[in-house]
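1. return a 3D structure for these sequence lines:
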Amino acid sequence: MAEKFDSLEEHLEKFVENIRQLGIIVSDFQPSSQTGLNQKLNFMVTGLQDIDKCRQQLHDITVPLEVFEYIDQGRNPQLYTKECLERALAKNEQVKGKIDTMKKFKSLLIQELTKVFPEDMAKYKAIRGEDPP
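-> Got it, this is the predicted structure:
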């Protein structure tokens, strides 16, 4: 899978370099540079075709839109992954806390119900397969 990305990255780097060179030619255009301009335009077309071929290899890859927003803001897209992991860990801790609280509540509820309704709770525990205290 990594070689697919490496291939795409290589084609994109070549394409960006061709665009940079094309910009230089266009910014100081002379009639004598028409051949070089045509050549760079042909390289751009070929580069887009190469990128399109890579697209076909990576059709099953999805990128969250937030990653593109990070890039548009000039931020490192790896920060998106880091922040997602941090949010997931925080949410995990929050849910774990709720689960622990519910377990404690259940235990206290069963204790109190056993005091008030000992026979019914014995039946409940028997049905649940729990040993009566």
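2. which elements pack onto the longest helix seen in the chain?
-> With residue count as the measure and DSSP state H as the assignment, the chain has helix 77-116 as its longest helix. For helix 77-116, the elements it packs on are helix 65-72, helix 118-128, judged by 3 or more Cβ pairs under 8 Å, 6 or more residues apart in numbering; DSSP states H and E. For glycine as for every other residue, the C-beta is placed from the backbone atoms N, C-alpha and C.
3. can I get the ones you listed in JSON lines including mean neighbour count and mean pLDDT?
-> Converted to JSON lines, the helices and strands packed on helix 77-116 look like this (neighbours: other Cβ atoms under 10 Å; pLDDT from 0 to 100):
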{"stretch": "helix 65-72", "mean neighbour count": "12", "mean pLDDT": "90"}
{"stretch": "helix 118-128", "mean neighbour count": "12", "mean pLDDT": "91"}
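4. could those helices go into a markdown table alongside distance to residue 43?
-> What follows is the helices and strands packed on helix 77-116, written out as a markdown table (distance: least, Cβ to Cβ, whole Å):
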| stretch | distance to residue 43 |
| --- | --- |
| helix 65-72 | 25 |
| helix 118-128 | 73 |
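5. quick one: low-confidence parts of this protein?
-> For the chain, the stretches flagged by pLDDT under 70 are 1, 131-133.
6. tell me the domain ranges of this structure?
-> Split into domains by the TED database, the chain comes to 1-61, 64-132.
7. can you give the contact residues for stretch 72-89?
-> Defining contact as Cβ atoms under 8 Å, 6 or more residues apart in numbering, one finds that stretch 72-89 is touched by 64, 66, 67, 70, 71.
8. still on that earlier bit, chain center to the longest helix of the chain, what's the gap?
-> Mean-position distance between helix 77-116 and its chain equals 24 Å (Cα atoms, centre = their mean, to the nearest Å).
9. got the angle for that helix vs helix 65-72?
-> Helix 77-116 and helix 65-72 are oriented at 140 degrees to each other (axes from the mean of the first three to the mean of the last three Cα atoms, to 10 degrees).
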